[in-house]
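In: Would you be able to build a 3D model of this:
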Amino acid sequence: MTGRVWFITGASSGFGDAFARYALAIGDSVVATARDAARLAPLVKLAPERVLAQRLDVARPGEAEAAVRAAVERFGRLDVVINNAGYSVVGAVEETPDTELRALLDTNFFGAAEVIRAALPVLRRQRGGAIVNVSSMGGQMSFAGFSAYSASKFALEGLSEALAAEVAPFGIKVLIVEPGQFRTNLAGAGLRHMPELDAYADTVGATRQFAHDMHQTQAGDPLKAAAAIDTALKAERTPLRLALGQDAVDAIRTHSEQLLADLAAWESTAVDTRID
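Out: Take a look at the predicted model:
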């Protein structure tokens, strides 16, 4: 077998489907995973000999290990592991119960961590490969109504930073991807709405309306995102973070500038905390 092997979670739609189609188009092989493996049939049809459709619900313990094992049995190796499976919740902190927050973290954070742990023994034995964790520009900052989603992505980014330092000696790259608005179903079927409290109509309500209005009008092309990720992975010095989309670049830059401004404005207060 020639070419790389991509292991992709949430491959039945959106970014995951685009990543799989990109990999197949350049001649690589794909382990496409989804909670409903039947929805992966269109990918299998594209290149039956280079696609393994595998059921994987990342929120169910043990399924990631089984999927990785099946992938290695079929293709013998893993080269690019993409944690893409996820969804979003819109609602104020007060509107979001623990059951919803924990369920979101089970998929967006703990699910990704389980896939990473399952794949690492394979990647370490190979002395190489890449782990791509799909975050969001909401993994660098948050917005009214997206507290739960951003919490899951902040957690994923923190894990990824430490992971990158841990696995670098094995030749394994870690890439955090921070997309802005792309033409996926995240703002449609991938968005859960919490019960609304009138008190948040002007703040979270505006976010709900924004999400509704942007659905299927987003400027970002998921296939171009896949190509950008591959370019970063093939670079001699792969960045730790890759923002995707002008909106993401602008928002993250503005947020970073605000962080630096706050540091400068409060530096004297911050450092005046030494024991005399």
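
In: and the gap between residue 273 and residue 260?
Out: For residue 273, the distance to residue 260 (CB to CB, to the nearest Å) stands at 20 Å. Yep, even glycine has a C-beta here, placed from its N, CA and C like the rest.

In: Looking at these two, which is more packed in?
Out: Between residue 273 and residue 260, residue 260 has the larger neighbour count (other CB atoms under 10 Å), namely 10 against 6.

In: Off-centre distance for the stretch of helix or strand that one belongs to?
Out: Under the criterion of DSSP states H and E, residue 260 resides in helix 246-265. Counting by CA atoms, centre = their mean, to the nearest Å, helix 246-265 is centred 21 Å from the centre of its parent chain.

In: Return the set of buried residues in whichever helix or strand comes after it.
Out: As assigned by DSSP H and E, the chain's next helix or strand after helix 246-265 is helix 267-271. By neighbour count with 16 or more other CB atoms under 10 Å, helix 267-271 contains no buried residues.

In: ok, and what's touching helix 267-271?
Out: Defining contact as CB atoms under 8 Å, 6 or more residues apart in numbering, one finds that helix 267-271 is touched by residue 263.

In: For that helix, list the C-alpha coordinates in PDB.
Out: Only the C-alpha atoms of helix 267-271 are listed here, as PDB (Å, rounded to 0.1, in the frame of the first residue of the first chain):
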ATOM      1  CA  GLU A 267       1.700  44.400  34.900                       C
ATOM      2  CA  SER A 268       2.700  46.600  37.800                       C
ATOM      3  CA  THR A 269      -0.200  45.200  39.900                       C
ATOM      4  CA  ALA A 270       0.500  41.700  38.800                       C
ATOM      5  CA  VAL A 271       4.200  41.700  39.700                       C
END
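
In: how about the strands in the chain?
Out: For the chain, the strands defined by DSSP state E occupy 5-8, 29-34, 51-55, 80-83, 88-90, 129-134, 172-179, 191-193, 241-244.

In: Mind giving me the packing neighbours of the longest one?
Out: Packing contacts for strand 172-179, counted by 3 or more CB pairs under 8 Å, 6 or more residues apart in numbering; DSSP states H and E, involve helix 111-126, strand 129-134, helix 147-167, helix 222-234, strand 241-244, helix 246-265.

In: Direction included, what does that strand pair up with?
Out: strand 129-134 (parallel), strand 241-244 (parallel) (DSSP bridges).
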